[in-house]
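Asker: Sequence and predicted structure below; questions after.
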Amino acid sequence: MLYRFLKAIFIVPVWLLFRPRIVGYRHLFFKGKGIIICNHHSLCDPIWLGFVAPRTIHFMAKQELFAKRTSRGFLKALLAFPVNRHHADMGSLKRAVTILKKGCVFGIFPEGKRSITGELDTFEKGAAFLALRCNAPIIPVYSDPKMYRRIRIRMIAGEPINPKTAAETLPGKSVDALAMYIRDRMQELKNRMEEMF
């Protein structure tokens with residue numbers, strides 16, 4: 001698999017050059033299916049997340065990135081698949097469900113687009129829907145938007161979220177409530193990052 005081959009080749013240079021510091025790294029060592037969510041501030045976010053995570057991650061990427069043959073081939077080699085961000089893309093959701101049912105790891109940026117300000121945008125409901133549909137734990141990861149200035153990868157991984165347990169304790173519709181809940185958890189990780197650094 002090209003994904004693992006590329007990771008094996010570049011993982012040592014990446015760790016030496018960018019000196020990743022991952023708080024709560026143990027939370028990324030889990031077995032079975034899971035959804036890793038992360039804030040989104042750069043096109044390289046999935047690459048850095050893929051390098052620091054011990055598991056292989058399958059990502060969604062906006063379909064516009066698949067328009068050119070070169071970028072399409074690169075994205076497919078990294079196990080990414082296209083999603084139409086302008087309407088509910090049921091085909092992409094079904095593909096994500098299939099990945100999770102196989103016991104694999106799915107990665108998604110619930111903001112849906114890159115944040116220009118570095119602040120968290122409103123979360124879309126795809127991650128919450130998939131987590132409830134597949135009963136897959138959500139592992140929130142906050143990536144420091146300032147890491148490119150410091151040339152050091154810095155992330156915080158939070159404790160896994162059991163979607164059904166969380167939804168049962170929240171008021172309102174399950175998917176809506178869970179989407180807001182995971183955003184609140186991500187905000188907590190952001191606050192921790194700012195306090196630590």
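Answerer: Alright, I've got the coordinates.
Asker: And the strands in this protein, which stretches?
Answerer: 21-23, 34-38, 57-62, 81-83, 105-108, 138-143, 154-157 (DSSP state E).
Asker: Strand partners (parallel or antiparallel) of the fifth one?
Answerer: When you say that, I think you mean strand 105-108. In the sheet, strand 105-108 lines up against strand 34-38 (parallel), strand 57-62 (parallel) (DSSP bridges).
Asker: Tell me where the model's unsure across the chain.
Answerer: Counting by pLDDT under 70, the chain shows low-confidence ranges at 1, 88.
Asker: At the geometric centre of it, which residue sits there?
Answerer: Using CA atoms, centre = their mean, the residue of the chain that lies closest to the mean C-alpha position is Ile37, 3.3 Å off.
Asker: and that one, what does it touch?
Answerer: Ile37 makes contact with 107-110, 127, 138-141, 182, 186, according to CB atoms under 8 Å, 6 or more residues apart in numbering. Every residue, glycine included, has its C-beta placed from N, CA and C.
Asker: any idea which of these is closest to Phe18?
Answerer: The closest of these to Phe18 turns out to be Val141 (CB to CB; 15.7 Å).
Asker: For the residue lying closest to that closest one once chain neighbours are set aside, grab the count of nearby residues.
Answerer: Distances taken as CB to CB, 6 or more residues apart in numbering place Cys38 nearest to Val141, at 4.5 Å, with adjacent residues excluded. By other CB atoms under 10 Å, 25 other residues sit near Cys38.
Asker: The lengthiest helix in the chain: which residues count as buried?
Answerer: Selection of the longest helix in the chain by residue count, based on DSSP state H, yields helix 174-196. Using 16 or more other CB atoms under 10 Å as the test for burial, helix 174-196 gives 174-175, 177-183, 185-186, 189-190, 193.
Asker: Other residues contacting stretch 133-140?
Answerer: By CB under 8 Å, 6+ apart, the residues outside stretch 133-140 that reach it are 27-28, 30, 33-38, 97, 100-101, 106, 127, 130-131, 157-158, 160-164, 182, 185-186, 189.
Asker: Could you verify my assumption that Val141 touches Pro46?
Answerer: No - contact criterion CB atoms under 8 Å: Val141 and Pro46 do not qualify, at 11.5 Å.
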